[in-house]
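J.: For reference, the sequence and a predicted model appear below.
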Amino acid sequence: MINIKGLSKFYGKGGSSVRALNEVNLCIEEGMFGLLGPNGAGKTSLMRILAGIIQPTGGHFSVGGKTIEDESGRTWLKKTLGYLPQELGLYPDLSARQFVDYMGVLKGMDDDRQRHQRVGEVLEMVGLSEAADRKLKGFSGGMKRRVGIAQALVNDPRILIVDEPTAGLDPEERIRFRNLLVNLAVNRVVILSTHIVEDISQTCLDMAILAKGQVIFHDTPAMLIKSAEGHVWSLQNGTHYQPDPQWTIVSMLHLAEGISYRLVGPAAPDGLNYQAVQPGLEDGYVWLMKNHNLSESL
C-alpha cells in the first residue's frame, strides 16, 4: 500500500513559484490504479516524487508502512520500484538486451548470471525475445515502450509506475500495452498515469483524477460513470450543431441521415429532439470537469 499525505510541490522561488501539487492525499492499494487528468494537472510531478526522482516541497508518503524521508528510505524504494517515465532515454546503438542489462546494473543487480537470466525473462514477458539482440534505433514506438517496461521490471519491483505509456501508439499497440499492464498488476501495485480516458476504463478498478495539482475525485470508475447519470444525451441533427456553452460535445458520428452528437450538460437541451443515454467513463470525466469549472482543460 502507498499512503500519500498532504503532498505538495512548488517549482521556482518567491512570487514566481509554480504550484504543481497542492495537498495531495491518496491511498493506493495492490492492483491497477489509474491517475487521470489533463496535461499540466501535476501527474508527472506526483509520479516523479513517488519514484524518488524529485523531493516534495511539503507532505510525505509511505510504502508498506515505511516512510520515504531519508537517503536509506529512498535507496530502499528504488530497489522496490520500477518506473517508466513519459520520455525514456534510450541508447540507439545498444540492443534491447544490452540496454535492459545495463539498467539492471544501475539498479544494483550485481550477480551477472542472475541478472542475465532476469533480462531474458522480462524481454520474453514483453514479447521482445526474438528482437532482443537488435539495435534499439530500428525499433518502432511500441517496441520502445515495451523495452521501457522491461527495464522497469528487471529488478522484479513490487511497485510499477508508468507515465503516459500509450501516448502516440497505434490502436493495436495500445491494446497490447494495456493487456500487458493488467497482467503485471497481479500481486503488485501498478500506477498508470495518463490523460487518455480509455486507458483507465479498460484496465483499472480504482482511480483518481488530478486537476491543477489537486485530487478532485478518488473512487472506482463505476462511481465516476454513475455521477453523470441524467446528464448525457444523444442528438441527431441534419446539419452542424453548435451547442450552448453549458453543454459539451463528447463525440460526433456522421451517419447517412445526418450527424449524431453525444452531449454532456446540466439539463436537457431545450427545443431539440434529444434522447437520454447511459453515461460512460468519458462522460463522467467531462461532467466532473464541468462541475469544477475546468472544461477549458478538455
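T.: Structure's in. What do you need? Numbering: from 1, shown residues only.
J.: What residues sit buried inside stretch 73-84?
T.: Using 16 or more other Cβ atoms under 10 Å as the test for burial, stretch 73-84 gives Trp76, Leu77, Lys78, Thr80, Leu81, Gly82, Tyr83, Leu84. Bear in mind the C-beta positions are built from the backbone N, C-alpha and C, glycine included.
J.: Minimum pLDDT in those residues, which residue is that?
T.: Ranked by pLDDT, the buried residues of stretch 73-84 bottom out at Lys78, which scores 77.
J.: Correct me if wrong: Asp93 contacts Gly138.
T.: No: checked against Cβ atoms under 8 Å, the pair Asp93 and Gly138 is beyond contact range at 10.6 Å.
J.: Tell me where the stretch 51-200 of the chain has strands.
T.: Along the stretch 51-200 of the chain, the stretches classed as strands by DSSP state E, counting those that start in this stretch are 58-63, 66-67, 81-84, 159-163, 189-194.
J.: Show me the domain layout of this structure.
T.: The chain breaks down by automatic domain parsing into domains covering 2-219, 226-297.
J.: From start to finish, how long is the longest one in a straight line?
T.: In other words, domain 2-219. Looking at domain 2-219, the gap from its leading to its trailing residue is 16 Å under the measure Cα to Cα, to the nearest Å.
J.: same check, this time on stretch 155-166
T.: By Cα to Cα, one end of stretch 155-166 lies 22 Å from the other end.
J.: Let me see the ranges of the helices in the stretch 51-200 of the chain.
T.: Along the stretch 51-200 of the chain, counting by DSSP state H, counting those that start in this stretch, helices occupy 71-80, 96-106, 112-125, 141-153, 171-184, 197-201.
J.: now the third one, how far from the chain's geometric center?
T.: When you say that, I think you mean helix 112-125. 26 Å (Cα atoms, centre = their mean, to the nearest Å).
J.: which residues touch Val119?
T.: Applying Cβ atoms under 8 Å, 6 or more residues apart in numbering to Val119 gives the contacts Arg97, Val100, Asp101, Gly104, Ala150, Val154.
J.: Now do the first one against Leu123, distance only.
T.: So the one you mean is Arg97. Using Cβ to Cβ, to the nearest Å, we find Arg97 at a distance of 7 Å from Leu123.
J.: do the second one as well
T.: Taking Cβ to Cβ as the measure, Val100 and Leu123 are separated by 6 Å.
J.: For the two, list the residues in contact with both.
T.: Contact with both Val100 and Leu123 is made by residues Ala150, according to Cβ under 8 Å, 6+ apart.
J.: Run through the stretch 101-250 of the chain and note the low-pLDDT ranges.
T.: Counting by pLDDT under 70, the ranges of the stretch 101-250 of the chain that qualify are 238-240.
J.: Compute the distance between the most centrally placed residue in the chain and Phe33, please.
T.: With the centre of the chain defined as its mean C-alpha position, the nearest residue by Cα atoms, centre = their mean is Ser193, 1.7 Å away. Computed as Cβ to Cβ, the Ser193 to Phe33 distance reads 9 Å.
J.: picking up where we left off before, now the strands of the stretch 51-200 of the chain as TSV including distance to Gln236?
T.: What follows is the strands of the stretch 51-200 of the chain, written out as TSV (distance: least, Cβ to Cβ, whole Å):
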stretch	distance to Gln236
strand 58-63	49
strand 66-67	57
strand 81-84	43
strand 159-163	39
strand 189-194	32
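J.: Looking at those strands, spot the one closest to Ser129.
T.: Smallest distance to Ser129 across the strands of the stretch 51-200 of the chain (Cβ to Cβ): 19.4 Å, for strand 81-84.
J.: got a list of contacts for that closest one?
T.: 47, 50-53, 145, 148-149, 151-155, 157-163, 165.
J.: Write the ChimeraX selection for whichever of those residues are buried.
T.: Provided next is the ChimeraX selection string for whichever of these are buried by 16+ other Cβ under 10 Å:
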select :47,50,51,52,145,148,149,151,152,153,154,155,157,159,160,161,162,163,165
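J.: isn't Ile68 right up against Phe61?
T.: Yes: contact between Ile68 and Phe61 holds when scored by Cβ under 8 Å: they sit 6.2 Å apart.
J.: who does the helix or strand encompassing Ala222 touch, helix- and strand-wise?
T.: For Ala222, the host element (DSSP states H and E) is helix 221-227. Using 3 or more Cβ pairs under 8 Å, 6 or more residues apart in numbering; DSSP states H and E as the contact definition, the elements that helix 221-227 packs against are strand 206-211, helix 281-291.
J.: Could you save those as CSV and add columns showing distance to Tyr241 and mean neighbour count?
T.: Compiled in CSV, those are given as follows (distance: least, Cβ to Cβ, whole Å; neighbours: other Cβ atoms under 10 Å):
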stretch, distance to Tyr241, mean neighbour count
strand 206-211, 28, 23
helix 281-291, 17, 22
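J.: Right, I'll leave it there.
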